[in-house]
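A.B. asks: coords below, sequence missing:
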Ligand SMILES: Cc1cc2nc3c(=O)[nH]c(=O)nc-3n(C[C@H](O)[C@H](O)[C@H](O)COP(=O)(O)O)c2cc1C
């Protein structure tokens, strides 16, 4: 299948697992995940990350990835349930083959309040930060397409409780990073009744609803 077909094929699929029926270890090897990540690392990026982020992992890219296998997804689900989480995040962790926490790396001096809620300022909206997020987003979209290529169902989530300082601490993610996406990878061997689609799936409109040619005289 060519890349245009892959782009059209990609869709959000959330698998709402049964908390009492945890999925076992994935049939997909960890090395396949690393092979996917190595390809996705070719996502474009403009600026090197702030020096402060290189103490944990040394790369200049403005994203980091924290990888959880199925058994660790289950442990994280238990951790969230014990902390009182009543959302569907634990259910999805229970169903996931892998979950990848993808963070972006704000310039250190621009962090205002990392724990800010939806409508508060978490970081300064500098152009550099915009481009860090853009690069990390390109990385995540590549990851979703890599998932399609490996015949997985994928879901890019804002994360809910997975954004929290307590989860960052549990997973040893430095607190000066920001979650851009909790990326769930699911096997297709699940019952259809457990699968939910993205809410905005059919809302995009046609190409002419969001693009126009600039024809100059
Ligand atoms: C940055 C970002 C965050 C998202 N967070 C969520 C989320 O928290 N919950 C959710 O249901 N979908 C989330 N989505 C997925 C969208 O719901 C989904 O892409 C949209 O409904 C369109 O569906 P499609 O991907 O199947 O075309 C997110 C997508 C992006 C790009």
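C.D. replies: Looks like it arrived, so ask away. Everything numeric in this text was worked out from a predicted model, so none of it was measured.

A.B. asks: for the chain, which residues are neighbours of the ligand?
C.D. replies: Counting by Cβ under 6 Å from any ligand atom, the residues of the chain close to the ligand are 11-12, 156-158, 181, 197-201. To be clear about C-beta, it is placed using only N, CA and C from the backbone, and glycine gets the same treatment.

A.B. asks: who wins on neighbours among those residues?
C.D. replies: The most crowded member of the residues of the chain next to the ligand, judged by other Cβ atoms under 10 Å, is residue 181 (25 neighbours).

A.B. asks: and that residue, helix, strand or coil?
C.D. replies: When classified by DSSP: H, G, I helix; E, B strand; the rest coil, residue 181 comes out as strand.

A.B. asks: bridged to it, which residues?
C.D. replies: residue 102 (DSSP bridges).

A.B. asks: next one: the one 4 residues further on
C.D. replies: For residue 185, the beta-bridge partners are residue 98, residue 154 (DSSP bridges).

A.B. asks: next one: residue 44 from the ligand, what distance?
C.D. replies: 17 Å (Cβ to the nearest ligand atom, to the nearest Å).

A.B. asks: show me what contacts the residue of the chain found nearest the ligand?
C.D. replies: With Cβ to the nearest ligand atom as the measure, residue 198 is the residue of the chain nearest to the ligand, at 2.5 Å. Contact analysis of residue 198 by Cβ atoms under 8 Å, 6 or more residues apart in numbering lists 11-12, 14.

A.B. asks: now do the same contact list for the closest residue to residue 164 other than its chain neighbours.
C.D. replies: Of all residues not flanking residue 164 in the chain, residue 115 sits nearest, at 7.7 Å (Cβ to Cβ, 6 or more residues apart in numbering). Shown in contact with residue 115 (Cβ under 8 Å, 6+ apart): 122, 164-165.

A.B. asks: got the residues of the chain next to the ligand as a markdown table, with secondary structure and pLDDT columns?
C.D. replies: Shown next, in a markdown table, are the residues of the chain next to the ligand (DSSP: H, G, I helix; E, B strand; the rest coil; pLDDT from 0 to 100):
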| residue | secondary structure | pLDDT |
| --- | --- | --- |
| 11 | coil | 98 |
| 12 | strand | 98 |
| 156 | strand | 98 |
| 157 | strand | 98 |
| 158 | coil | 96 |
| 181 | strand | 98 |
| 197 | strand | 97 |
| 198 | coil | 97 |
| 199 | coil | 97 |
| 200 | coil | 97 |
| 201 | coil | 97 |
